[in-house]
Structures are given as C-alpha cells and as structure tokens.
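J.: prediction below, plus the sequence it came from.
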Amino acid sequence: MIYKRYLQNFDTKKDDVVIFDVVIIGTGIAGMYTALNIDKRIKVAIITKKTIQNSNTAIAQGGIAVPIGNDDSPDIHYMDTIKAGSGLCNSKMAKILVSEALINIEMLIKMGVPFDLDDENKIVLGQEGAHTKKRILHAGGDATGRIISEHLGAKLKLAENITIFENTFLVDIITIGHAAVGVLLKQKGKKFILFSKYIVLASGGYGYIYKYTTNPEVTTGDGCAAAIRCGAKVVDMEFVQFHPTVLFHPMNNSFLISEAVRGEGGILYNSKGERFMSNYHHLAELAPRDIVARSIFFEMQKTNSKNVFLDVTHLDKEFIKRRFPNIYSKCIKIGLDITKERIPVAPAQHYSMGGVLSDENGKTTVENLFVCGEAAGTMVHGANRLASNSLLEGLVFGRRIAQFINNHQLGSLKIISIGYKEERGNDNLNIISEAELLREKMSFQAGIIRINGDLRNLLDFIINRIDYLKNKKLQNLKEIEFYNMLTVGYTIVQAALMREESRGSHYRYDFPQQDDINWKKHLIFSLNGWEVIDKNA
Ligand code: SIN
C-alpha cells in the first residue's frame, strides 16, 4: 500500500481529516449520475483528477443504446449484447443492463438532457455496429457525452449535499480489516484524508497506458490500481477494446471517428482503394467492433500502410454536417473536409472491458467499496463490448449503487488514528520516459494482435519496474501514476498470456481459435494471486 508509507502519526483531530457519508471518485457519467441519485440528506464528496468535465464521458460521441424502437425490445438488445460479448457476458448482469435502460433514460430526460429529436418530436435512433436494430440515442449529433456531462455537471454544482473536489488525485483507498473507510488524496502538493462510510470508484478506464488511445491523459488506471492495493479483485483485464476508426493524421491520432459514421453508411477502403470489410464478415462495416478493428489491422499489414480510409463523400453534405458537427469541425480544423475527402483512420485503444469485480449492486470484494462505469468489472460486456453500451452501464449500475446506499443505514464511522509522513521521491528512474516506453510497448506488444514472446517480454519489463519501485517512497504524482499504470499493465499482460485462445477483443496470433471447452472462463486477480472461474459462476 502506498498509503501505509505515508501514514504515521497522523493527527485525526486536526483539519486534515474530513468525514463524508459517501466519497465518489470520478466525474464521468457513472460518478456524476450516482452522486445525483443519492438522497439529499446524505453528504457526498465527489473527487476528480482534473476538472469535472475531464473524462471519457465528455468526449463520447456515439450515444446510449436503449431498446425503445417499435421493432425492438430488451430481449433483442440482450441478444445483441451477448453475441458481441463472444460467449463471456454474464447473463444476469446483461439482463439488468437492458431491462433498466429505459428507466434511466427517462431519468436523464427528466434531468434535462436534450436527446436529438426528429421533426415529429420523437427521439432519433441511430445505428451502430453489431446492433440488429436502430437504438442509439444521441445528443448534439455526435456530442452526446459532452452534452450529458455538462448537464449533470451543472446539477452537481447546484446540489447542496455534494462537495466537488477538482484537481484532486486519489493516492490510495484506506482500509481497516476488510473494510474501506476512506481515501488518501493529494491536491496541489497537500495530502489529506476523507473518511466515509461508503466509497464509490467511478474512476474510468486505463486507456492511457496505451500509446494509441482515444482516452484522455487522466486515464492511468488510478482507481483500479488503488483497488488492487486495498485487496479488491479485478476481472477480465485481458479484454481491451480497440476502436476500429480513430483519426490517423499527423496533427491528430487520438480523435474518434464514431462508429455511428459507419452506421449512417460510411464505407472502409484500404490504401489501394479496395473495399474490404465484406471479405471478413457478412455485416461488412457494421460487424462487431473487434472484427472490424482486426480486419483493418490485417489490411494495413497486407498493403504495408499505417491506416485505411473511411469514406462518407457519397452521403448528403448537409446531413453529414448536421449529424456529425463535432467530427466535421474537428477535421476541418486540420484541413480535412470529410464531405469531399476520405478520412484516414486506424484502430486505437478505446475501452477496458475488465475492471474491479462487482456484483449487481456495484459491490466489490472489499466491504463498503463500490464500483461502477468503466472502472467496474461487471462482466456485462464479456470479451467485447457492444457499441454504446458503456454510458448505459454507468447509468444502470450507478443508480443501483445509489439505491443501495439510500436504503442502508449510514451508521457512525469509527475514525482511527493513522499516520502521515512526508516521503522522499524515487531518484533513479526517469518516470516520464519510462511511462512513454510502457505505453508504446503496451500498444505494440499487448495490442490488437498478441503473441506469447511479445507478452513475455513486456511482462518482464513491467515486473522489473514494479520490483524497483515497490519499496521506493512514491511521492510525486507522476511516480504514483506510473506505478498505477504498471499495476494495471501487469494484470492485462499476465491475463493475456494465460488466456491461450482468441475471443472477442483478445486475439492471440499463436492461439487464433476460440476455445469454448477450456476457456469459457474469467480470470480474476487480487493480491492473493490468480483465480480462474467459470462463466456465470
Ligand atoms: C463510437 O462513437 O463509435 C463509440 C461508441 C462507443 O464506444 O460505444
């Protein structure tokens, strides 16, 4: 534990200790929505590493999948989710996800989120890969995440029971016995503790441990790593989703070109100008995301190119500008008019299916510690998340956590005297360049295509750095972030090595077949080591 190195002679009677009923880490959709669903009599602190608008949610384009079309139903949405998940979705969780979609969308609408409407004032439903029905709700065309984030953020600021801590970094989760009792935080060089009855991790994913990612810099897996250090279990870490179409341009190679663009008729061409997706899957451009990403990767290899092209020039120009205002203007800024030219794209890390193991109420394996959103390992997405199911997951399980908290006595919190000591930093490693090296290796050795030799090499690199740093006194923020990236990286790479098959987003060049006899299983890691459990066990 990092905090055990910090905490000695801490005087709990002084100002540095504050008590809340609930502390939420993260201000993406999951964190904000959980906070807003907690009763007003309950005192909530919500913590974010930068500002409340700095999250994966705020840049989400696609939307929220909800089975509300005339020809749709939760059962059909469930079947699409299960199919995309390549045999590893947890059925119970997937049923909860689809059956509670509507009520949560109604709540968002009540909170004022303006989903796009047609001329008859009906919600517009978009199409995305591997959905058999049109069911994607969006706002502001392709600015869904930003609009939701701004609306919930405004509500958060008005809520009298909620205190927002921006620019505040989670160092560690504090436990007594098997229960979480607080968090050690760092804000402008000052460390302080918030004690609370319940702690909710909504800290997002860990995309930034990859060099090529759509995720913002804040996603270094801090919540997940802190959860591991305090004894929580994590699951499905090998399942990292790569988005097929991320802008590949000298001025920007992390900007998402939404799956909805293919949903509206966008076509993929390789660098020789050949359309290729129907050679790989009968749904062509609308095949499941893992298949499109791998097919693009193979085409790039075949044609020795760094990217392929997404073409929308055959679509109506005004429609493109109206439906994708964000993508259109972002591309115009770098000199690319998507109504006239093909968009250079390549796959990049986008989402983490794995995370901190949780049950249907968001409970982790550590008492009083909850998790929701991308940080959670609900097993709802299996080996490959269906597009636009992620914002939905944050809503459904965030609300369930809030309901659990609302229905349980908060009781009084026992505060113990724990210590606090300033520490020296690590002096030898150049953390910035080491972190960049790790990110590069993750992209190339634990990316879309994996193979034993590369994974072993990467694992050695990670273990070597962990061994060096584990007894050092991590002081500076970058050092702690790097340690968190190594911790999460270790679980991804070790799990990817153990899973000797290909399934969903996890593709082993040396084990290209899906092996249902031996591998309909989940890999779970904790400080006690690895466990293998059967699907739905
Ligand atoms: C997209 O717009 O393509 C991303 C949607 C998602 O990740 O679900």
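T.: Yep, it's here.
J.: which residues does residue 535 contact?
T.: Taking CB atoms under 8 Å, 6 or more residues apart in numbering, we find residue 535 in contact with 87, 88, 90, 520, 521, 522. Just so you know, the C-beta spots here come from the backbone N, C-alpha and C atoms, and that holds for glycine as well.
J.: looking at neighbours, which among these is most surrounded?
T.: Neighbours here mean other CB atoms under 10 Å. Within the contacts of residue 535, the largest count is held by residue 522, at 27 neighbours.
J.: from residue 357, how far off is that one?
T.: Using CB to CB, to the nearest Å, one obtains 9 Å as the distance from residue 522 to residue 357.
J.: what's the overlap in contacts for those two?
T.: Shared contacts of residue 522 and residue 357, defined by CB under 8 Å, 6+ apart, comprise residue 235.
J.: so which helix or strand takes in residue 359?
T.: No secondary structure element spans residue 359, as it lies outside all helices and strands (assigned by DSSP states H and E).
J.: what pLDDT does it get?
T.: In this model, residue 359 is scored at 98, pLDDT.
J.: is residue 186 in a helix, a strand, or coil?
T.: Of the three states, residue 186 takes strand under DSSP: H, G, I helix; E, B strand; the rest coil.
J.: go ahead and confirm residue 400 touches residue 361.
T.: Yes - between residue 400 and residue 361 there is a contact under CB atoms under 8 Å: 5.1 Å.
J.: so for the two, which sits in the more crowded spot?
T.: Applying other CB under 10 Å to residue 400 and residue 361 shows that residue 400 carries more neighbours, namely 23 against 15.
J.: can you confirm the more buried one is in a strand?
T.: No - per three-state DSSP, residue 400 lies outside any strand segment and is helix.
J.: tell me the contacts of residue 186?
T.: Residue 186 makes contacts with 168, 169, 171, 477, as judged by CB under 8 Å, 6+ apart.
J.: now do residue 452
T.: With contacts taken as CB under 8 Å, 6+ apart, residue 452 has the following neighbours: 497, 508, 510.
J.: neighbours of the last one, how many?
T.: Okay, so that is residue 510. When counting by other CB under 10 Å, one arrives at 11 neighbours for residue 510.
J.: sorry, back to before: nearest to the ligand, of the contacts of residue 535?
T.: If you rank the contacts of residue 535 by distance to the ligand using CB to the nearest ligand atom, residue 88 comes first, at 17.8 Å.
J.: leaving aside the residues next to it on the chain, what's closest to the closest one?
T.: Setting aside the residues directly before and after it, residue 88 is nearest to residue 382 in space (CB to CB, 6 or more residues apart in numbering), at 3.6 Å.
J.: got the contacts of residue 535 as JSON lines, with pLDDT columns?
T.: Output for the contacts of residue 535, formatted as JSON lines (pLDDT from 0 to 100):
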{"residue": "87", "pLDDT": "96"}
{"residue": "88", "pLDDT": "97"}
{"residue": "90", "pLDDT": "97"}
{"residue": "520", "pLDDT": "97"}
{"residue": "521", "pLDDT": "97"}
{"residue": "522", "pLDDT": "98"}
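J.: among those, which are located in strands?
T.: Per DSSP state E, strands hold the following members of those: 521, 522.
J.: which among the contacts of residue 535 gets closest to residue 472?
T.: residue 522 (32.8 Å; CB to CB).
J.: which bits of this protein sit near the ligand?
T.: Taking CB under 6 Å from any ligand atom as the criterion, the chain approaches the ligand at residues 61, 62, 256, 258, 259, 260, 350, 351, 387, 388, 390.
J.: can you rerun that using 5 Å?
T.: The interface of the chain toward the ligand, taken as CB under 5 Å from any ligand atom, is made up of 61, 62, 258, 259, 387, 388.
J.: contacting residues for residue 265?
T.: When contacts are counted by CB under 8 Å, 6+ apart, residue 265 touches 312, 314, 315.
J.: what about the second one, how many residues nearby?
T.: What that stands for is residue 314. Counted by other CB under 10 Å, the residues lying close to residue 314 total 8.
J.: ok, it - contacts?
T.: With contacts taken as CB under 8 Å, 6+ apart, residue 314 has the following neighbours: 265, 267.
J.: helix, strand or coil for it?
T.: When the rule is three-state DSSP, residue 314 gets the label coil.
J.: confidence score at it?
T.: The model reports residue 314 with a pLDDT of 98.
J.: and the gap between it and residue 492?
T.: 39 Å.
J.: nearest to the ligand: which residue in the stretch 401-537 of the chain?
T.: residue 505 (12.3 Å).
J.: residue 386 is in contact with that residue, correct?
T.: No - with contact defined as CB under 8 Å, residue 505 and residue 386 do not form a contacting pair (11.9 Å).
J.: so what does the residue in the chain positioned nearest to the ligand look like in phi/psi?
T.: Distance from the ligand to each residue of the chain (CB to the nearest ligand atom) is smallest for residue 62, at 2.7 Å. Backbone torsions of residue 62, given as degrees, to the nearest 10, read phi -50, psi -70.
J.: now do residue 441
T.: Here the main-chain torsion angles of residue 441 (degrees, to the nearest 10) amount to phi -60, psi -40.
J.: biggest strand in this structure by residues?
T.: In terms of residue count, the longest strand belonging to the chain (DSSP E) is strand 190-201.
J.: that one pairs with which strands?
T.: Listed by DSSP bridges, the sheet partners of strand 190-201 and their directions read strand 17-25 (parallel), strand 179-187 (antiparallel), strand 369-371 (parallel).
J.: quick one: name whatever helix or strand follows the shortest one.
T.: Meaning strand 369-371. Tracing the chain C-terminally past strand 369-371 and defining elements by DSSP H and E, one meets strand 376-377 next.
J.: run the chain-centre distance for that following strand.
T.: 9 Å (CA atoms, centre = their mean, to the nearest Å).
J.: next one: stretch 186-198
T.: Relative to its chain's centre, stretch 186-198 lies at 24 Å (CA atoms, centre = their mean).
J.: may I have the secondary structure class of residue 46?
T.: For residue 46, the reduced secondary structure class is strand; criterion used: three-state DSSP.
J.: chain center to stretch 212-221: distance?
T.: 9 Å.
J.: one more: stretch 67-83?
T.: Shown here is stretch 67-83, whose average C-alpha point lies 23 Å from the average C-alpha point of the whole chain (CA atoms, centre = their mean).
J.: how about residues contacting it?
T.: By CB under 8 Å, 6+ apart, stretch 67-83 touches 65-66, 89, 91, 94-95, 97-99, 101-102, 105, 123, 125, 130-135, 288, 380-382, 386, 389.
J.: inside helices: which ones of the residues you listed?
T.: Counting by DSSP state H, the members of the contacts of stretch 67-83 that fall within helices are 91, 94, 95, 97, 98, 99, 101, 102, 105.
J.: buried ones in stretch 145-161?
T.: For stretch 145-161, burial by neighbour count (16 or more other CB atoms under 10 Å) applies to 145, 146, 147, 148, 149, 150, 151, 152, 153, 155, 156.
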